[in-house]
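> Would you be able to build a 3D model of this:
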Amino acid sequence: MAESPSPASAAPLANFSAAMTGGQTFELNGRPAKYTVLYFYPKDNTPGCTTESIAFREHHDEFTALGAAIYGLSRDSLRSHEGFKAKLGLPFELISDPDEAVCTQFDVMKMKNMYGKKVRGVERSTFVIDADGKVVKEWRGVKVADHVTEVLEFLKSQPQDLA
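Predicted coordinates for the structure are as follows:
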């Protein structure tokens, strides 16, 4: 499936909180960043997820300069996330969603083909959320190649004078 940005939603997202690395809790309301980049990925320590996370790491300073905070999210445990984050030297936190509450809110749980079998899993997706809690851009069915650059280019196109 080709990477395809979808229309942004008009209403703010419902607040949610979830455990994340570093002993912290992510809470949608009260985020200090102008923009939150929330990328959903299937599983820690897999080739595509590793490549995507490294790409976000490599561009982290550019995202920060644009007032954006990056968070990765999968169903993996906090223990798995801590190891994945340390192994890759990620400068941002990873959110654990083992009960799929956040995945369900963002509608990223899909039936996928894996080696000829249907399995339920996370559809690789990225959402840019503004300071008001509104999704201003989303990508679903993401292909890893050049995706992070596309997210960065979208943020560069946004007004930079927001509080």
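
> which residues sit in contact with the residue nearest in space to the middle of the chain?
In the chain, the C-alpha nearest the mean C-alpha coordinate belongs to Tyr39, at 1.3 Å (Cα atoms, centre = their mean). By Cβ atoms under 8 Å, 6 or more residues apart in numbering, the contact list for Tyr39 reads 52, 56, 70-73, 124-127, 142. Where C-beta positions appear, they are placed from N, C-alpha and C, glycine not excepted.

> and if we set it to 10 Å?
Residues in contact with Tyr39 (Cβ atoms under 10 Å, 6 or more residues apart in numbering) are 49, 52-53, 55-56, 70-74, 92, 94, 124-128, 139, 142, 147-148, 151.

> I'd like the distance between it and Glu123.
As judged by Cβ to Cβ, to the nearest Å, Tyr39 and Glu123 stand 12 Å apart.

> for Ser77, same thing?
20 Å.

> Which one's more surrounded, the two?
Legend: neighbour count by other Cβ atoms under 10 Å for Ser77 and Glu123, higher for Glu123 (19 against 13).

> What sits closest to that one if chain neighbours are left out?
In space, Glu123 comes closest to Lys110 once its chain neighbours are excluded; the distance is 4.3 Å by Cβ to Cβ, 6 or more residues apart in numbering.

> What is the neighbour count of that neighbour?
Other residues within reach of Lys110 by the criterion other Cβ under 10 Å amount to 15.

> For stretch 90-100, which residues meet the burial criterion?
For stretch 90-100, burial by neighbour count (16 or more other Cβ atoms under 10 Å) applies to 90, 92-97.

> So which of those residues is the closest to Ala19?
When these are ranked by distance to Ala19 (Cβ to Cβ), Ser96 comes first, at 5.2 Å.

> Wait, that closest one touches His81, no?
Yes. Checked against Cβ atoms under 10 Å, the pair Ser96 and His81 is within contact range at 5.6 Å.

> Spell out which residues are contacts of both of the two.
Contact criterion Cβ under 10 Å, 6+ apart; residues bridging Ser96 and His81 by contacting each: 19-21, 44, 73-74.
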